[in-house]
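>>> dropping a prediction and its sequence here:
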Amino acid sequence: IISRIAAQTHLVSIVTFCTNGETEEYLVDIGVGGQTPRAPINISHLDQAFEIYPDVYRLIKDSEAKYYAKGALILQYYSTYLKDFKNLFVFHPNQVVHTSD
């Protein structure tokens, strides 16, 4: 795994959906940059590769708090050039940047 985090800052949204009493949280990125996902990502699906055409992504925990506070998640994409996953950015699902109205 390529461990360097490319971007120093990045703003994403965590959106919570409630269906039949079940809640699910999704990472939503506005897609600035070439490798950002083009669809929402369910953040409960950790350590599983998934395709959002044409790219392959996965979310992993930053269990050592190497890049951020405990509980942070790292979004990675699969580089066909490097034949390995590469870190895109790290985020914490509970970090509030700005409350919405």
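Yep, that arrived.
>>> quick check: bridge partners of the residue nearest the centre of the chain?
Central residue of the chain (CA atoms, centre = their mean): Leu75, 3.5 Å from the mean position. With DSSP bridges applied, Leu75 shows beta-bridge pairing to Leu59, Phe89.
>>> helices of the protein, residue ranges please.
Per DSSP state H, the chain carries no helices over any range.
>>> ok, back up a step: got the contact list for the residue nearest to the centre of the chain?
Residues near Leu75 by CB atoms under 8 Å, 6 or more residues apart in numbering: 27, 37, 41, 57-59, 87-91. Heads up, the C-betas are built off the backbone N, CA and C, glycines and all.
>>> Phe17 now?
Phe17 neighbours (CB under 8 Å, 6+ apart): 23-26.
>>> same question, Ser63
Lys70.
>>> circling back to that earlier point, with respect to Lys70, which of the contacts of Leu75 is nearest?
Val90 (11.9 Å; CB to CB).
>>> could you double-check that that closest one sits in contact with Asp62?
Yes - at 5.7 Å, Val90 counts as touching Asp62 under the criterion of CB atoms under 8 Å.
>>> and for Ser13, the neighbour number?
12 (other CB atoms under 10 Å).
>>> for Gln76, see how far away Tyr57 is.
Applying CB to CB, to the nearest Å, the value for Tyr57 to Gln76 is 7 Å.
>>> pLDDT of stretch 83-92, averaged?
In this model, stretch 83-92 has an average pLDDT of 87.
>>> tell me which residues of it come out buried.
The neighbour-count check on stretch 83-92 (16 or more other CB atoms under 10 Å) flags 85-91 as buried.
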